[in-house]
Structures are given as structure tokens and as C-alpha cells.
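Visitor: Sequence and predicted structure are below.
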Amino acid sequence: MLNSQQPVKRRNKEPWLAVNLSVFFPGIGQIYAGKLEKGIVFTVSQIILIAIASWSIFSPAGNTVTGLVFLGLGAGVYVLNLFDAHKSVKKQIPQQTKATPAPKKQAHSSFSLSPSSFNKDPWQAVFLSQILPGLGHLYLEKFLFGFILLSGIIVAANLSALFSPLLVCPPALYAIAAYHAYVAAPKPQGTSKQLISGIVGAIVALRLTTAYLPVLVDQRVERFTIPSTSMVPSLQIGDGILVSKNSHYLPNRGDQIVFKFPYTVPTENVVAGTLFVKRVIGKPGEVVQVSNGRVYVNGKPLQENYIAQPPVYDWGPETVPTGSYFVLGDNRNDSFDSHVWGFLPAGNIVGKAYKIYWPPARIGALH
């Protein structure tokens, strides 16, 4: 019995394809290059850096400056990973033959390409298109398409900032630019052309995630800046605070909450919907009274080591209505709060302020 074997033609791996893969997450390009251990190191390192940065920024006990430092380290690892992905493949390619000369221009051609355009790498064009739509086409000397795509992404980015349903437009434009840059390049790379559909799908997924992640975060956590002294000493003017938003949140006594002011008070230049931050004192059904420099709830005095000064006014006693709260500023004698305008409807509460995230000297959990 005869057993003949035909030699298998192995294709060299492509450096710029490795870079494109590493765009999606550090380490993927290295794994494609056959550097499994290095790829795992890049991937795990980036996951750890992102996790530490996220915890430091959003956790009550985390330090925002530490989070920013780790974000910077993550950005550095990401960029290093791109260079390393290219290098990992490039050094595997044998130093071979001279570059193939560009074909001579045929007399019957209806168009011509500049000699340099024949040496353009399709995957490099795709990578440049991932940076900014149009750059890949400029690299390929497709100037008209390049300027059209650059103009398109500027328009799409501005429109999506105004209308959130249009957030899908920039990712779609990135994907179109990458795909068209690949097919427009001279001499596409054979079997690699089968990968472009997967790359385009990954571009859409990555860009959609990047576009919607801030929206998703904003649905759970929001940033505010303190504009007045009504919560001194707990909060100072200029403090940046993080507020946890939860539709099922039920405030507890002592919580510092952000809410939309329920009324319009022309004499105070306050309109309904203005954002305030105060401390919860009385919950629905409780009897609240301010008398002789003390606050009483259901007849018992509160221990308040967070106030600036004892209140110099008297108020109540009154029962907090169902579905409402009684809120006061910690700077009791300079605060426009429930002792002036009444009870706060629960529906106006935005969320619980849980952390000062800026400035660095005041970073810490709120109590």
C-alpha cells in the first residue's frame, strides 16, 4: 500500500493581524502569535488592573487617586501589548527575499496605482480604521473615502452625544470603515480575508460596550459637586461625591441623600428639580421635633456628632407623612431644608451619597 504525503503549505502569521486582535483585549495577539504564556500574563494583568481601579474608584473604602493610577497602568499595559503583539509575530518571519516589484502599468488600464500603494498591509489599514475611521483609507491613499469617513465619525459622535439611541452609529461606522479598508487594500491576504467578518463583529461589540458602559454606570452611580455650605462639616463646597442610585432604595436615618427639590420658591431663587443634598432625620410615621438645640424623633433626642452647631430654632412636633421624609442640613443654622419648606416626597430621592471621591485630601466614605 502506497502512502504519499503532500507538503502542507504553512502561511506566515501576520503582525498587524496580531495587533488588531490585541486591540480587543491585551494578550489575544500574543496567543495568536503562539506566545501562550505571554498572552496569559498580559490578559491576567489587565484584568487585575481594571478590577483594582474599579474598586478603588467606586467602592466607599477605595481611594480615587489609587484608582486613577491603576487606570494609567492599565492604559500603559494596553499600549505595550499592541507593540508586543506586532513584535511577537514580526520576529518569527524569516528575513527573506526582496520586496516584489510593483507591476508595470498596462497600456490598456483605465486607472493606475502609485507604486507605494502595492506595499500597503490590509491589516494595518484595519488597525488604523479602528483608531479613527478614515485613517486606514488615508494610509491606502484612498483620500476621498478617508475624508468622507472622518467627517462621518465627527457628525455621528456629536449626534450620539445628543440622542442616546444614536450611540449605535459610531460603532457601525468603525466597522464599515475597517471592512472597507480591508477589501480596498491591494492584494488581500488570501485566507486571512475570512477573518475580516469576525474582526468587524468584534469591533461592533467593543465599540458598543465602550459607548454604553458609561450609560450603564450612570444608571447606578452618579457624580455631584457640592455647591454650598449647608452640609458643613460633613461636606465642603467643591467636594465631589458619588451617589448610589437604586429604585428600591429605602433611606435610613442618618443617610446623606441627593434629591430633586419638590417645589419652586421664587424668593429663594430655587426651582423644582434643583438637586439638593441633606441628611435623613425622620422617616414615614415618625414624630419629629426640634427644641432647645436638640432634634427629637419619637420623643428621643438624637446623638448628632456630625452637625456644625446646635439648631437655634424650634420646629414641630409633627408626624412625617406616609411616603415622605424629614431632612436637615448638617449646618443646621444655614440650611434650606425641611424645617423651612416641609417634608420631602420619597419619589424625589435620587439616591444615597456614599463617598467623597475628590479632592484627594478629602477622599473617604460618608457616614
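Guide: Now that the structure is in, tell me what you want to look at. Nothing here was measured: the structure is a model prediction, and the numbers come from that model.

Visitor: Which secondary structure state is assigned to residue 211?
Guide: At residue 211 the chain is in helix, as set by DSSP: H, G, I helix; E, B strand; the rest coil.

Visitor: Look up how far residue 23 lies from it.
Guide: Distance from residue 211 to residue 23, counting by C-beta to C-beta, to the nearest Å: 16 Å. Every residue, glycine included, has its C-beta placed from N, CA and C.

Visitor: the more surrounded of the two?
Guide: Taking other C-beta atoms under 10 Å, residue 211 and residue 23 do not tie; residue 23 has more neighbours (22 against 18).

Visitor: can you map out the helices along the stretch 1-150 of the chain?
Guide: Ranges of helices in the stretch 1-150 of the chain, per DSSP state H, counting those that start in this stretch, are 15-24, 28-32, 36-58, 64-90, 122-131, 135-139, 143-162.

Visitor: Was I right to think residue 78 contacts residue 26?
Guide: Yes: if you go by C-beta atoms under 8 Å, residue 78 and residue 26 touch, sitting 5.7 Å apart.

Visitor: shared neighbours, these two?
Guide: residue 46 (C-beta atoms under 8 Å, 6 or more residues apart in numbering).

Visitor: Looking at the two, which is more packed in?
Guide: Neighbours around residue 78 and residue 26, counted as other C-beta under 10 Å, are more numerous at residue 26. The numbers are 26 against 16.

Visitor: so what's that one up against?
Guide: The contact partners of residue 26, taken as C-beta under 8 Å, 6+ apart, are 42-43, 45-46, 77-78, 81.

Visitor: how about it, phi and psi?
Guide: Torsion angles at residue 26 (phi, psi; degrees, to the nearest 10) stand at phi -60, psi 140.

Visitor: Tell me the confidence at it?
Guide: What the model reports as pLDDT for residue 26 is 98.

Visitor: Please apply the same query to residue 13.
Guide: Note for residue 13: predicted pLDDT of 88.

Visitor: can you count the residues close to it?
Guide: Counted with other C-beta under 10 Å, residue 13 comes out at 17.

Visitor: For it, give me its contacts.
Guide: Residues near residue 13 by C-beta under 8 Å, 6+ apart: 32-34, 89, 92-93.

Visitor: pLDDT added to those, as TSV?
Guide: Listed next are the contacts of residue 13 as TSV, based on pLDDT from 0 to 100:
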residue	pLDDT
32	96
33	96
34	95
89	96
92	87
93	79
